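Asker: sequence first, then the predicted structure, then my questions.
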Amino acid sequence: MSSEVAGPSTSCGQDQVDEDVTSQSKRMRLSTKSIEITDLNNNCLEHIFKFLNLNDLLNVAGTCKKFHSAANYPFSSNFGKKQFHLRYTYIERGSSAFSIDTFENDIYIRKLKIYLKCLRTFGHLINKLCINYDTMPIRDEIDLYINQYCSDYVKEIVFCWSMKGAMKNLTKPFPNVWSLAFSSCYLEDEITNFNEKFPKMKRLKFSGSNTIATRKCIEMNFSHLENLCIVDVDTHQSDTFFQPNNIATCIRLNPALRELEIGGELLNISFIQSVRKHLQHIEFLGIQLQSPKSLQLNTGTISLNIKRLKVDIRSGSMNPARMPKIPLVSNQLEEFSIKACNLWVKESLMDFIKKTPEVN
């Protein structure tokens with residue numbers, strides 16, 4: 001009787017062993033099956049791609065649509081907030097052994113092919129552009145790429161060293177640009193139609209030797225303008241740049257201005273006095289002066305409601321000179337900074353601090 005019962009029990013045990021061996025074999029076959037990177041979902045790909053440098057990320061994004069889509073977030077996270085510079089001079093001369101140089105806040109691209117690829121691949125994610133035209137003959141190609149891939153998305157843009165006709169192909173408006181700057185550029189009518197070209201412009205800056213085709217382009221209301229900066233103006237620009245009356249009209253027509261920075265032979269403390277009644281809403285005032293004499297007023301002081309003041313005096317004299325008293329006063333001033341080269345400033349500063357006891 002016992003032998004009859006033991007038979008079936010042994011058979012069931014063997015079946016269980018065979019089943020376990022079969023399951024283990026299947027698991028082994030599954031575990032050894034190769035997994036392609038294309039099998040990964042977007043979250044995994046994004047995590048992998050975030051460790052790539054810009055050049056490698058560009059190459060990966062160009063392989064297929066799935067990788068392009070997965071590369072968007074790593075690009076935006078690692079590079080989207082940096083300013084992209086195309087330095088034509090370096091492209092022409094081949095002065096850098098590296099095609100891309102990445103810094104904390106800036107990326108310099110040395111090769112045109114890579115720059116165009118970057119605009120084409122990630123132009124919709126680039127927030128800041130600095131276009132240095134120099135004498136590059138292929139500037140038209142750059143402008144066409146900016147039109148097609150960046151103009152609807154970029155938020156800050158700087159133009160440098162553009163010659164006459166350099167920006168003629170920038171035909172599309174830049175609807176999201178809030179910060180606009182020109183340095184040593186030739187500005188034709190097409191680019192200086194600011195309300196149409198840059199409808200959300202909040203900050204407008206001119207520095208260096210700019211040439212303006214139509215001076216009155218600045219004599220209008222810009223509905224979003226809060227910051228106007230006109231500095232490093234050369235004295236020989238009197239026939240090619242804005243005149244003080246053009247800038248004064250701009251200030252008068254834009255009461256929403258909160259920050260003003262000026263500098264040049266004609267844009268001195270006397271200019272501030274001439275427009276003071278239109279500066280009552282200004283919170284920050286920066287003055288760049290080319291000599292201590294530019295700080296002098298014939299009579300009185302200028303009373304404003306500014307909270308922050310910056311004074312930069314560039315004395316060309318080799319001998320130390322005494323800085324004149326600062327003819328400005330504000331009962332709301334909270335911050336004050338001064339940069340004075342080769343000047344005795346102690347007496348002037350003490351006098352100014354007495355008039356503004358709340359200043360830091």
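Answerer: Sure thing, it's come through.

Asker: mind listing the helices in the protein by residue range?
Answerer: 2-31, 42-49, 54-61, 65-78, 88-93, 112-122, 139-149, 194-197, 244-253, 269-274, 346-355 (DSSP state H).

Asker: ranking those helices by mean pLDDT, which is last?
Answerer: Of all the helices of the chain, helix 88-93 carries the lowest average pLDDT, namely a mean of 47.

Asker: burial of residue 313, as a residue count?
Answerer: 23 (other CB atoms under 10 Å). Heads up, the C-betas are built off the backbone N, CA and C, glycines and all.

Asker: pretty sure it is touching residue 296, no?
Answerer: No - with contacts counted by CB atoms under 8 Å, residue 313 stays clear of residue 296, the gap being 11.4 Å.

Asker: and stretch 142-152, how far out from the chain's middle?
Answerer: Chain-centre distance of stretch 142-152: 16 Å, with CA atoms, centre = their mean, to the nearest Å.

Asker: before we move on, what about stretch 36-55?
Answerer: Worked out by CA atoms, centre = their mean, stretch 36-55 lies 28 Å from the chain centre.

Asker: quick one: buried residues of that stretch?
Answerer: 45, 46, 49, 52, 54, 55 (16 or more other CB atoms under 10 Å).

Asker: give me the neighbour count for the closest residue to residue 224 other than its chain neighbours.
Answerer: Nearest non-adjacent residue to residue 224, counting by CB to CB, 6 or more residues apart in numbering: residue 202, 4.9 Å away. Neighbour count of residue 202, defined by other CB under 10 Å: 18.

Asker: same thing with residue 76?
Answerer: Residue 76 has 15 nearby residues by other CB under 10 Å.

Asker: in terms of contact, does it touch residue 126 like I think?
Answerer: No - using CB under 8 Å, residue 76 is not in contact with residue 126; the gap is 9.5 Å.

Asker: now the buried residues of stretch 36-55 in TSV, with distance to residue 150?
Answerer: Below are the buried residues of stretch 36-55 laid out as TSV (distance: CB to CB, whole Å):
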residue	distance to residue 150
45	25
46	23
49	22
52	22
54	16
55	19
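
Asker: just those now: which is nearest residue 188?
Answerer: residue 54 (33.1 Å; CB to CB).

Asker: and the pLDDT for the closest residue to that closest one other than its chain neighbours?
Answerer: Nearest non-adjacent residue to residue 54, counting by CB to CB, 6+ apart: residue 100, 5.4 Å away. Reported pLDDT at residue 100 in the predicted model: 88.

Asker: and residue 100, what is it in contact with?
Answerer: 53, 54, 55, 107, 108, 109, 110, 114 (CB atoms under 8 Å, 6 or more residues apart in numbering).

Asker: for the residues you listed, which one is nearest residue 184?
Answerer: Distances from residue 184 to the contacts of residue 100, taken by CB to CB, are shortest for residue 108, at 18.5 Å.

Asker: I figured that closest one was touching residue 99, is that so?
Answerer: No - counting by CB under 8 Å, residue 108 stays clear of residue 99, with 9.6 Å between them.

Asker: once you drop chain neighbours, what's closest to residue 46?
Answerer: residue 73 (4.9 Å).

Asker: how many residues are close by the one you found?
Answerer: 18.

Asker: same check, this time on the one 5 residues further on
Answerer: Applying other CB under 10 Å, we find 17 residues neighbouring residue 78.

Asker: equivalent analysis for residue 216, please.
Answerer: Using other CB under 10 Å: residue 216 sits among 12 other residues.

Asker: right, and it touches residue 246 too?
Answerer: Yes - counting by CB under 8 Å, residue 216 does reach residue 246; the two are 6.7 Å apart.

Asker: can you tell me the closest non-neighbouring residue to residue 141?
Answerer: Residue 141 sits nearest to residue 116 (CB to CB, 6+ apart), 7.1 Å away.

Asker: quick one: contacts for residue 104?
Answerer: Counting by CB under 8 Å, 6+ apart, residue 104 has no contacts.

Asker: ramachandran coordinates for it?
Answerer: phi -60, psi -50 (degrees, to the nearest 10).

Asker: and it, what's its pLDDT?
Answerer: Looking at residue 104, the pLDDT reads 90.

Asker: surely residue 120 meets residue 146?
Answerer: No - look at residue 120 against residue 146 with CB under 8 Å: they stay out of range, at 10.9 Å.

Asker: with adjacent residues omitted, what lies nearest to residue 225?
Answerer: Nearest residue to residue 225 in three dimensions, chain neighbours excluded: residue 254, at 5.0 Å (CB to CB, 6+ apart).

Asker: can you pull the buried residues of stretch 104-123?
Answerer: Residues of stretch 104-123 classed as buried by neighbour count (16+ other CB under 10 Å): 107-112, 114-119, 121-123.

Asker: so how far is it off the chain centroid?
Answerer: 15 Å.

Asker: isn't residue 109 right next to residue 117, touching?
Answerer: No - using CB under 8 Å, residue 109 is not in contact with residue 117, being 9.5 Å away.

Asker: show me the contacts for the residue nearest to residue 225.
Answerer: For residue 254, the contact set (CB under 8 Å, 6+ apart) comprises 221, 222, 225, 228.

Asker: mind putting those into JSON lines with distance to residue 207?
Answerer: Output for the contacts of residue 254, formatted as JSON lines (distance: CB to CB, whole Å):
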{"residue": "221", "distance to residue 207": "23"}
{"residue": "222", "distance to residue 207": "19"}
{"residue": "225", "distance to residue 207": "17"}
{"residue": "228", "distance to residue 207": "12"}
